[in-house]
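> generate coordinates for the sequence data below:
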Amino acid sequence: MKQQLKTLGIAIAATGMLCTLSFTKPAHKIVPTNAHAKKGLWVSLFDGKSLKGWHGFNKKGEVKNWTIVDGSLVCLGAAQGDTGGDIITDKQYANFELSWDWKIDKGSNSGVMYHVVENPKYHATYETGPEYQIIDDNGWPEKLEEWQKTGCDYAMHLPNNLKKVKPVGEWNTSKIIFKNGHVEHWLNGKKILSFKAWDADWTQKKTEGKWKDYPDYGMAKTGFIALQDHGHKAYFKNIWIKEL
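From the prediction side, this is the model:
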């Protein structure tokens, strides 16, 4: 009888452990890799069926220029130019690892920003938030500078020769790691650039380049994650973040 009770107790304990472990996984089924689920620290920023957790930059109410198609968050490209259509997370983040899948149409342009400051005095997310650039390197109708191409820390740091972008229309996987000023950009499993925010080299690039007239660019140490509407279609899914 004691042996039976012992066996029953082990079975109950094991069941309890499995139940506990199951609650460490995201509730929905969009899991990018087994590693993400096992760590139990990753949080989904997109549930695959709604814009819950996102809102228009400096806006309230319904978001009309983004929609859901086949489990993907799709930018309809309705904004005029590069302002007015970006969406940002409801929550702010400081140190994090952000992973997402993306694809674009021919000739499209988009990007992912972080440490974005939401304030009416800013007209666009890029005025404060550094950007992981996403663009059709080969199909863009005008000549692109190297600092404008996919994977760049836009207008600041260039990717290395490990950068391999899938053809237009195919899904890519990207990642940004930010920890106490150390920044990494990853693309399709390869680290394509790294830099140190706020050091002498970073400051020189900012003050002498595109951002010289944007004093608040890159200065925030916490802020929102943004997806850019640059007036072109772009697709996102499997958007996960882990705070570091």
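> state the distance from Ile239 to Met156.
According to Cβ to Cβ, to the nearest Å, Ile239 and Met156 sit 23 Å apart. (Glycine included, C-beta is placed from N, CA and C.)
> cool, Lys106 as well?
The value you get for Lys106 to Met156, if Cβ to Cβ is used, is 26 Å.
> who's more crowded, those two?
Under the neighbour definition other Cβ atoms under 10 Å, Lys106 and Met156 were set side by side, and Met156 has more, 23 against 13.
> in this structure Lys221 contacts Ala94, no?
Yes - between Lys221 and Ala94 there is a contact under Cβ atoms under 8 Å: 6.0 Å.
> any shared contact partners between the two?
Contact criterion Cβ atoms under 8 Å, 6 or more residues apart in numbering; residues shared by Lys221 and Ala94: none found.
> which helix or strand contains Leu98?
With secondary structure defined by DSSP states H and E, Leu98 is part of strand 96-104.
> kindly report the same for Asp201.
Counting by DSSP H and E, Asp201 is part of helix 200-208.
> list of residues touching that helix?
Counting by Cβ under 8 Å, 6+ apart, 156-157, 195-196, 212, 217-218 sit against helix 200-208.
> buried ones in that helix, by neighbour count?
Buried positions in helix 200-208, judged by neighbour count with 16 or more other Cβ atoms under 10 Å: 202, 205-206.
> what's the answer for stretch 129-140, then?
129-137, 140.
> what about this protein, any weak spots by pLDDT?
Along the chain, segments meeting pLDDT under 70 span 1-40, 80-84.
> narrow the buried residues of stretch 129-140 to those in strands?
Of the positions in the buried residues of stretch 129-140, 131-135 sit in strands, assigned by DSSP state E.
> tell me which of those residues is nearest to Lys233?
Ile134 (11.6 Å; Cβ to Cβ).
> that older thread, just put the buried residues of helix 200-208 in JSON lines and tack on distance to Thr89.
What follows is the buried residues of helix 200-208, written out as JSON lines (distance: Cβ to Cβ, whole Å):
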{"residue": "Trp202", "distance to Thr89": "24"}
{"residue": "Lys205", "distance to Thr89": "26"}
{"residue": "Lys206", "distance to Thr89": "24"}
